[in-house]
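> have a look at this prediction, sequence included:
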Amino acid sequence: MTKLDSEFVRNQFPAFSEPSLTGWGFFENAGGSYTCRQVISCLNDYYTQTKVQPYYNFPASQKAGEAMDESYRLLAAYLNVNEDEVQFGPSTTQNLYVLAQAFRDLWNGGDEIIVSNQDHEANAGFWRRLAKTGIVIKEWCVDPETGLLNPDDLDAMLSQKTRLLAFPHCSNVIGHVNPVTEIVSKVKNTRICVVVDGVAYAPHGLPDIGSLGVDIYLFSLYKTWGPHLGLMTIKKDVMDALPNQGHFFNEHNIRKKMLPAGPDHAQIAAASGVAHYLDTVYEHHFPVIADQAAKGRHLKKLFQDHERRLLAGLLEWLRQRDDIYIIGPDDPDLRVPTVSIVPQKKSIDEIFKVLTEKKLMAGQGHFYGVRPLMGLNIPIDTGVLRLSFLHYTTEEEISQLIEGLSAALG
């Protein structure tokens with residue numbers, strides 16, 4: 001079994017050699033990851049060499065357009081989708097807002113959509129707002145004890161009027177990985193569009209979207225080591241059916257059809273750095289030549305094997321405590337390393353203060369996952385303490401976290 005070379009990986013991230021961050025353990029990766037040097041290099045090159053309007057006939061403009069084209073091409077290959085199915089927008093939240101407006105024009109009053117209460121508000125709130133326009137909203141609810149969604153619950157919810165199903169690949173506060181292909185199989189012979197929010201999942205290895213069978217998949221590049229953009233993939237037949245959301249004269253420009261405003265040229269160009277980073281890590285760990293989709297599958301396993309080893313140790317320690325409880329499953333094979341806990345004897349503020357003194361960066365609050373916390377009867381004004389890490393995290397940092405939590409909890 002190939003083991004992740006942590007030293008090599010961390011050398012790809014300038015943050016780990018930044019003096020002001022020395023000694024700090026970073027455990028709020030679910031809010032935004034460190035950026036790899038390949039992305040920073042692409043962004044710097046664009047701003048210094050090609051900060052002009054792209055796609056004109058002079059050299060700097062041609063180079064700018066080529067840099068943007070590369071991002072579409074390389075990330076599509078890693079995600080195992082067609083290049084014309086990749087869309088870049090300002091954020092996942094804004095991408096979903098635009099999608100909701102576009103889909104509404106296709107539906108009639110009384111049509112139904114199913115949303116879960118396990119979702120981040122981005123993939124819940126905009127669909128729910130359509131109730132004001134006559135769309136019927138059905139809520140797929142989590143188990144109030146475990147926080148998990150039961151795919152079998154959908155059987156009674158689906159109907160001839162169901163037009164869309166939206167759910168997360170995993171929740172950013174519960175962490176359980178939903179069985180996407182199993183859920184898709186329930187609706188694959190219908191006209192129902194499946195929209196999956198992968199923001200909390202994609203940082204743990206880019207998904208093979210082509211194999212999932214979903215119609216639309218969304219995630220945030222700034223949480224997958226890249227620039228502050230949202231990336232979504234939309235199957236061609238779905239995109240063809242959606243009405244234009246951009247300027248009327250861009251209706252036939254597939255890259256601008258879902259953009260009410262213009263694209264961020266520089267950040268789109270910088271997105272190719274995510275693919276270059278993956279290429280670099282793959283070439284260091286694997287001698288076999290492969291296409292990007294195969295590379296992505298190998299790298300996801302490499303990343304997730306490393307994360308699970310670290311997560312197993314953290315969960316084992318947390319399970320032994322009687323002064324906290326873990327949100328979601330405590331089995332590292334069933335979840336991503338985004339672990340939310342609720343202290344029983346001390347306030348989150350008290351614990352957070354000690355963690356900061358111990359040079360540990362964590363998260364506290366509801367993280368826009370208000371609905372899952374409500375479904376679990378957790379007060380949203382206090383929320384949870386969230387500990388999240390990625391493949392660049394080390395065993396030493398997990399030990400630092402455990403020591404810090406031990407001191408904070410008492």
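Looks like it came in fine.
> wouldn't D5 be in contact with E283 here?
No. D5 is beyond contact range of E283, at 11.7 Å (criterion: Cβ atoms under 8 Å). (Each C-beta comes from the backbone N, C-alpha and C, glycine too.)
> more neighbours: the two, which one.
Counted by other Cβ atoms under 10 Å, D5 and E283 do not tie: D5 has more neighbours, with 14 against 11.
> need phi/psi at the more buried one.
As for D5, its main-chain torsions (degrees, to the nearest 10) stand at phi -90, psi 90.
> quick one: contacts for it?
Neighbouring residues of D5 by Cβ atoms under 8 Å, 6 or more residues apart in numbering: H284, H285.
> tell me how far it lies from T280.
According to Cβ to Cβ, to the nearest Å, D5 stands 11 Å off from T280.
> swap in T22?
Relative to T280, and taking Cβ to Cβ, T22 is found at 24 Å.
> the more surrounded of those two?
Neighbours were counted for T22 and for T280 using other Cβ under 10 Å; T280 has more, 17 against 9.
> from the chain's centre, how far out does the helix or strand encompassing that one sit?
Assigned by DSSP states H and E, T280 belongs to helix 272-285. Distance, stretch centre to chain centre, for helix 272-285: 19 Å (Cα atoms, centre = their mean, to the nearest Å).
> in terms of secondary structure, what does it contact?
With contacts taken as 3 or more Cβ pairs under 8 Å, 6 or more residues apart in numbering; DSSP states H and E, helix 272-285 sits against helix 6-10, helix 37-49, helix 59-79, helix 292-319.
> and the ones you listed as CSV, adding distance to M258 and mean neighbour count?
Output for those, formatted as CSV (distance: least, Cβ to Cβ, whole Å; neighbours: other Cβ atoms under 10 Å):
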stretch, distance to M258, mean neighbour count
helix 6-10, 34, 15
helix 37-49, 22, 17
helix 59-79, 14, 19
helix 292-319, 24, 18
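> which among those helices is found nearest to M232?
Comparing these by their distance to M232 (Cβ to Cβ), the top pick is helix 59-79, with 10.4 Å.
> next SSE downstream of the closest one?
strand 86-89.
> what does that following strand contact?
71-72, 75-76, 79, 95, 98, 229-234, 255, 258-259, 263-264, 267-268, 271.
> show me those residues that map onto strands.
G230, L231, M232, T233, I234 (DSSP state E).
> so who does the most centrally placed residue in the chain touch?
Nearest to the geometric centre of the chain sits V199, at 1.5 Å (Cα atoms, centre = their mean). Going by Cβ under 8 Å, 6+ apart, V199 touches T92, H120, A122, P168, N172, L218, F219, S220, K223.
> tell me the one of those residues nearest A290?
Among the contacts of V199, and counting by Cβ to Cβ, the member closest to A290 is F219, at 22.3 Å.
> check the secondary structure at the closest one for me.
Under DSSP: H, G, I helix; E, B strand; the rest coil, F219 falls in the strand class.
> give me the number of residues near it?
26.
> so which strand or helix has the residue nearest to the centre of the chain?
With DSSP H and E as the test, V199 turns up in no helix or strand.
> so I137 sits against W127, correct?
Yes. In this structure I137 lies within contact range of W127 using Cβ under 8 Å: 7.1 Å.
> so for those two, which residues contact both of them?
I113, V115.
> those two - which one has more neighbours?
Neighbours were counted for I137 and for W127 using other Cβ under 10 Å; W127 has more, 24 against 14.
> give the contact list for the more buried one.
Contacts for W127 were tallied using Cβ under 8 Å, 6+ apart; they are L96, A100, I113, V115, I137, L164, A166.
> any idea whether the last one is helix, strand or coil?
Same thing as A166. Relying on three-state DSSP, one would call A166 strand.
> what does the second one give?
Using three-state DSSP, the structure places A100 in helix.
> for L355, see how far away it is.
37 Å.
> do the third one as well
Noted for I113: a distance of 40 Å to L355, by Cβ to Cβ.
> quick check: L149 touching V142?
Yes. With contact defined as Cβ under 8 Å, L149 counts as touching V142 (5.7 Å).
> what sits in contact with each of those two?
S116, Q118.
> what's the distance between K301 and L75?
In this view, K301 and L75 are 19 Å apart by Cβ to Cβ.
> coming back round to it: which among the contacts of W127 count as buried?
L96, A100, I113, V115, L164, A166 (16 or more other Cβ atoms under 10 Å).
> helix or strand: which one has the third one?
Using DSSP H and E, I113 sits within strand 112-116.
> OK, contacts around I234?
Counted by Cβ under 8 Å, 6+ apart, I234 has contacts E85, Q87, D215, I216, L242, M258.
> likewise for A408?
A408 neighbours (Cβ under 8 Å, 6+ apart): K346, E350, I351, F352, K353, V354, L355, K358.
> now T382
Listed by Cβ under 8 Å, 6+ apart, the contact partners of T382 are S347, I348.
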